[in-house]
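*Asks:* Provided below for reference: sequence and predicted model.
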Amino acid sequence: MTKTRVLIVCGGKSAEHEVSLVSALSVARALDKECFVPLIVGIDRKGHWLLPGETQALLSAPMEHMPSLSEGRRSLIDSARGEVFLLPSSARHELVDVQSSEGPLPFDVILPLVHGTNGEDGKLQGLFELANVPYVGAGVLGSAIGMDKDVAKRLMREAGLPTVPYFTAKPERWSEAAQRAEREFGYPYFVKPANSGSSVGVHKVKALPEAEAAFMDAFQYDRKVLVEKACVGQEIECAVLGNEAPKASVVGEIRPTHEFYDYAAKYVDENGAELVIPARLSPETAEHVQHLAVRAFQALEGEGMARVDFFVTHDAPHGVFLNEVNTIPGFTPISMYPRLWEASGLAYADLLARLIELARERHQRNQQLKIDFPE
C-alpha cells in the first residue's frame, strides 16, 4: 500500500507561533505510520518558509512562551521531534535530496496547523487553492469568517444563533468605546482583538482606570477589537467534524483557575485550567449545545473541523450563548479538540485519518466544478 504523504505546515507570523509548533509535533507523532508519512514544513516568525532541515532547527528550539509544560508533556514533544525526523528510509532520503538540490518536496495532502493570523484566516488556504492541492480544514471563506469574530457574530445572529452582546471599536475612538461599555455593559467587560486566537490580547476590564491599557494592548494585535459583555457561567466547548454532514462530539467544559481562560491558563500554567469531559450539563443542555455547534459550523461555511465555544449562563436564551468558532483548533497534547473526539470514541490517529479523508473528498468534489466558459 502506498503511504499518503502529509505535509504539516506550522509556525507562522503569529502570536500563536509556539502553540502551532507543539500542535505539529503532536500530529506528526499521532499519525498512523502504516498509512501516512509526516513531512513538516515550518514558517518562521518573520513569515519565511523553511526547508526541512531548517524546520528541524525551528522545532528543536525551546518553547519560550510555554515554559510550564509539564515534564511528561515535554518528553512527549521531545520524542515526537525524534520520530518526525527519523522517518522511513525512502522519505528520509527525499528530505535529504530536498536540502541538497532544492528540488520539489512530494506530498499528497496538506494539514495546515498555523494558528491565528496569517494561517487560520484564509491566507494560507488561498495559496493551497491556487496550487490546486487538497488540504485539511475550512476553505478560504470559512477560514476568513471564523477568524474575524465580528463578522462571525454577525452571521451567527443572522442565522438566529444566540451570541454574547458586543460592539466593535477602532483605535481612534477607544475612549468613547470605554464609556459606551461602561454605560451598556457595566463592569466587568472584555476587550479582545477581532482577529486573534488563544486569548492573545484579551483583557477583562473591571474599572474605568484599567480600560486604556486593555484597549492599547488589544490594538497591538488588530485594528478592530470587540468590546463584549462579561458572561458569568460555564465555559463549554464542542468539536465538529465533517463537510456536508458535520457531526458534533461530546461536550467538554473548561474550569480555569485563573480569572478567565487566558493564554497563560491555556499554555503556560500547567494547573491553569481543569478540562472536564463530559461537561457538567444536563443531557438536554448538552444536546442543545451540540445542535448549536453544528448550526454555527454550517452558518460560517465550516468544513473539515472546528471547535465551537460557548457560555452556559442564566443570562442567555435557553441558557446558552455562542462565543466563537475556531477553524484550526489546537492539536497539542492538552488540546480539547482531539480529546473531545477521543471521548466520543474516535482515537487521535483515526481522527487525523478522517480529516485527511475529508480533505481529499472536498478536493475531488471541487475538481468537478466547471471553470471555463461553455462552448
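*Replies:* Great, that's in hand.
*Asks:* check which helix or strand Glu361 maps to.
*Replies:* Using DSSP states H and E, Glu361 falls within helix 348-367.
*Asks:* contacts for that helix, please.
*Replies:* The contact list for helix 348-367 (Cβ atoms under 8 Å, 6 or more residues apart in numbering) reads 4, 6, 27, 30-32, 35-36, 109-111, 133-137, 139, 241-243, 303-305, 338, 341-342, 346. C-betas here are computed from N, CA, C, even on glycine.
*Asks:* do that again at 7 Å, thanks
*Replies:* 4, 6, 27, 30-32, 35, 109, 134-136, 241-243, 303-305, 338, 341-342 (Cβ atoms under 7 Å, 6 or more residues apart in numbering).
*Asks:* over to stretch 208-221?
*Replies:* With Cβ under 7 Å, 6+ apart as the test, stretch 208-221 has contacts from 15, 171, 174, 178, 182, 191-193, 196, 200-201, 203, 205, 225.
*Asks:* go again using 8 Å as the cut-off
*Replies:* So stretch 208-221 is contacted by 15, 117, 169, 171, 174-175, 177-178, 181-182, 191-193, 195-196, 200-203, 205, 225 (Cβ under 8 Å, 6+ apart).
*Asks:* which ones among these are found in strands?
*Replies:* When strands are assigned by DSSP state E, the members of the contacts of stretch 208-221 inside them are 169, 191-193, 203, 205, 225.
*Asks:* how about JSON lines for those, with neighbour count added?
*Replies:* Below are the ones in strands among the contacts of stretch 208-221 laid out as JSON lines (neighbours: other Cβ atoms under 10 Å):
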{"residue": "Ala169", "neighbour count": "23"}
{"residue": "Val191", "neighbour count": "27"}
{"residue": "Lys192", "neighbour count": "23"}
{"residue": "Pro193", "neighbour count": "24"}
{"residue": "His203", "neighbour count": "22"}
{"residue": "Val205", "neighbour count": "23"}
{"residue": "Val225", "neighbour count": "32"}
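*Asks:* and which of these is nearest Ser282?
*Replies:* Distance to Ser282, by Cβ to Cβ, is smallest for Lys192 among the ones in strands among the contacts of stretch 208-221, at 29.4 Å.
*Asks:* how many residues are close by the closest residue to that closest one other than its chain neighbours?
*Replies:* Spatially, and ignoring its direct neighbours in sequence, Lys192 is nearest to Val202 (4.3 Å; Cβ to Cβ, 6 or more residues apart in numbering). Counted by other Cβ atoms under 10 Å, the residues lying close to Val202 total 23.
*Asks:* for Val202, give its distance to Lys370.
*Replies:* According to Cβ to Cβ, to the nearest Å, Val202 stands 44 Å off from Lys370.
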